[in-house]
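Trainee: Dropping the sequence and predicted coords here.
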Amino acid sequence: MKRPNRGRRIALLLPVLPIAIFVIGWITMQLWNNVLAQVIHVTTITFWQGWGLLILSRLLFGGFGGGRHQRNHYMRKRMQERWAKMKAGDVKQEME
């Protein structure tokens, strides 16, 4: 199987990246200004404050996805080992 050219991928990403940055920041700003400002009467925010809010929320609640795949792989492997060690009767009891 042929791997895609890394240079081509970067060339396609360069024009899309600034647009994605703008759209994500704009959506965050609009949601804050149009929903929260009217519902709980907070002050409106700027585009860059919206980006700061988005980054802060990712840091506090979601991280940036680093290590998540590794943990899932570790847990899956651990569960497979546990199931392999069980006898047939133990598996039946575990399922009930």
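Mentor: That came through, no problem. Residues are numbered from 1 along each chain as shown.
Trainee: hey, where'd the helices end up in the chain?
Mentor: 6-31, 37-39, 47-57, 68-85, 88-95 (DSSP state H).
Trainee: Which residue ranges make up the domains of this structure?
Mentor: Per the record, the chain has its domains at 1-64, 67-96, by automatic domain parsing.
Trainee: Let me know which of the helices of the chain is tucked in deepest.
Mentor: helix 47-57 (a mean of 14; mean count of other CB atoms under 10 Å). All C-beta spots, glycine's among them, are computed from the backbone N, C-alpha and C.
Trainee: Point out where the protein drops to low pLDDT.
Mentor: 1-4, 63-71, 87-96 (pLDDT under 70).
Trainee: go with 80
Mentor: Of all residues in the chain, those with pLDDT under 80 make up the ranges 1-4, 62-74, 83, 86-96.
Trainee: ok, the closest residue to residue 37 other than its chain neighbours - contacts?
Mentor: The shortest distance from residue 37 to any non-neighbouring residue, by CB to CB, 6 or more residues apart in numbering, is to residue 44 (5.3 Å). Contacts for residue 44 (CB atoms under 8 Å, 6 or more residues apart in numbering) come out as 32-33, 37.
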